[in-house]
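# Sharing a sequence plus its predicted fold:
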Amino acid sequence: MPATDVVRAAALLRAGELVAFPTETVYGLGADAANPDAIAKIFAAKGRPADHPLIVHLADANHLARWAVDIPESAHKLAAAFWPGPLTLILKRHPAVSDAITGGQDTVGLRVPNHPLALQLLREFGGATGGGLAAPSANRFGRISPTTAAHVREELGTAVALVLDGGPCAVGIESTILDLSGAAPRILRPGMLDAAAIGRVLGAAPVFGGTADAPRVSGSLEAHYAPRTRLQLVAAADLAVTAAQAIDTGLRIAVLAAQPLSLAHPGIAWRLASVDPTQFAHELYASLRDLDALGRDLILVAAPPDAEAWRAVGDRLHRAAAGSN
Ligand code: TXA
Ligand code: MG
């Protein structure tokens, strides 16, 4: 990517336009986090409810105090250990942070993404002053997050002034969201940076999930990350029987599973998944997009193992199943 594209992207962002950019997790749809008119364009382009808060992306942790107050020591430790990287920290917001970012809540989500192009852009845009880019995943609301520049164009078309192409995202699913604004660290959205790694830095493992007073996370809505085709999660041991039954009832199906089905049938489009959770996550959204594009009646996915290493992937698959019709 020529440096001039980054310079042009930063100029567009300063002028209040939207620019999509790669991160190590998924592509983000960026706007100047200090410009409420630009932020409004994000909600319009995504079709997202305006009270859903956005993550602010920063070039480094040096200007955290511009965005957050009462920053606990744990935040500095985690930033030192994992930034740039796939971890979003929820902290008490600085009063100057726009309600358009926080959805009116008293917290703000912050992260430093680990992708060379994102970091170049963030430095060019706000490096010296600590300016940030508000960036949700660059998909339409409720749909599969994009992991290539082509996915972004498919999702958002001309609603975005420029898409920086940084190739396929390495991690492939969204960052781990850790809430440090409450009494105890709490994971609001699991990601490939897992609780054990966070626990090693904090000295104690974080807890999972929100409570009634936890900040809203749209990634925690049941119906999310969904393909258009109905998607069903099936225990791996039941997959062959479920597939055969679907075929018998005349359905044309697509299957994503790590073990090949012993059933060969022209009504089945087949996609082999990885047995490694890191690789599975890396491929997941592109695989779901490909299977969705086949226009079959049903996508069957073999449920991953019920193990900690698969938690984040399992979370996205459960939501994809819940969000499909
Ligand atoms: O990996 C990622 O985090 C990607 C890349 C682009 O950085 N971004 C991403 O953004 O997934 P988005 O908007 O699709 O999901 C961010 C989630 C949302 O569910 C939002 O509700 C939550 O973060 N969030 C943002 N600020 C929050 C806050 N102050 N409190 C609780 N949740 C927050
Ligand atoms: Mg999203």
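Good, I have the coordinates. Ligands and ions are numbered 1, 2, ... in the order given.
# rest of the way, CA atoms for contacts and neighbours
Noted.
# what's the offset of the helix or strand of the chain with the lowest mean pLDDT from the middle of its chain?
Here the helix or strand of the chain ranked lowest by mean pLDDT, DSSP states H and E is strand 268-272, holding a mean of 91. Computed by CA atoms, centre = their mean, to the nearest Å, the chain-centroid distance of strand 268-272 equals 25 Å.
# How about stretch 147-162?
Computed by CA atoms, centre = their mean, the chain-centroid distance of stretch 147-162 equals 15 Å.
# list the buried ones in that stretch?
Within stretch 147-162, the residues that qualify as buried by neighbour count (16 or more other CA atoms under 10 Å) are 147-149, 151-153, 155-156, 159-160, 162.
# Among those residues, which ones are in strands?
Cross-referencing those against strands under DSSP state E gives Leu162.
# Export the buried residues of stretch 147-162 as a markdown table, with columns for pLDDT and distance to Gly191.
Converted to a markdown table, the buried residues of stretch 147-162 look like this (pLDDT from 0 to 100; distance: CA to CA, whole Å):
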| residue | pLDDT | distance to Gly191 |
| --- | --- | --- |
| Thr147 | 98 | 15 |
| Thr148 | 98 | 19 |
| Ala149 | 98 | 21 |
| His151 | 97 | 21 |
| Val152 | 98 | 21 |
| Arg153 | 96 | 25 |
| Glu155 | 93 | 23 |
| Leu156 | 94 | 25 |
| Ala159 | 91 | 28 |
| Val160 | 95 | 27 |
| Leu162 | 97 | 27 |
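# export the buried residues of stretch 147-162 to JSON lines and tack on distance to ligand 1?
Formatted as JSON lines, those follow (distance: CA to the nearest ligand atom, whole Å):
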{"residue": "Thr147", "distance to ligand 1": "10"}
{"residue": "Thr148", "distance to ligand 1": "12"}
{"residue": "Ala149", "distance to ligand 1": "13"}
{"residue": "His151", "distance to ligand 1": "13"}
{"residue": "Val152", "distance to ligand 1": "12"}
{"residue": "Arg153", "distance to ligand 1": "15"}
{"residue": "Glu155", "distance to ligand 1": "13"}
{"residue": "Leu156", "distance to ligand 1": "14"}
{"residue": "Ala159", "distance to ligand 1": "17"}
{"residue": "Val160", "distance to ligand 1": "15"}
{"residue": "Leu162", "distance to ligand 1": "15"}
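# quick revisit: direction included, what does the least confident helix or strand of the chain pair against?
Applying DSSP bridges, strand 268-272 is found paired with strand 253-257 (parallel).
# What is the burial count for the nearest residue to Trp310 once chain neighbours are set aside?
Of all residues not flanking Trp310 in the chain, Pro277 sits nearest, at 5.8 Å (CA to CA, 6 or more residues apart in numbering). Other residues within reach of Pro277, judged by other CA atoms under 10 Å, total 20.
# where exactly do the helices run in the stretch 51-200 of the chain?
Per DSSP state H, counting those that start in this stretch, the stretch 51-200 of the chain carries helices over the ranges 73-82, 99-102, 116-126, 149-156, 195-202.
# Which residues are in contact with the residue nearest to Trp310?
309-310, 313 (CA atoms under 8 Å, 6 or more residues apart in numbering).
# Tell me where the model's unsure across the protein.
Within the chain, the ranges that satisfy pLDDT under 70 run 1-3, 211-224, 325.
# Can you give the domain ranges for it?
3-208, 230-323 (automatic domain parsing).
# ranking the ones you listed by burial, who's on top?
domain 3-208 (a mean of 20; mean count of other CA atoms under 10 Å).
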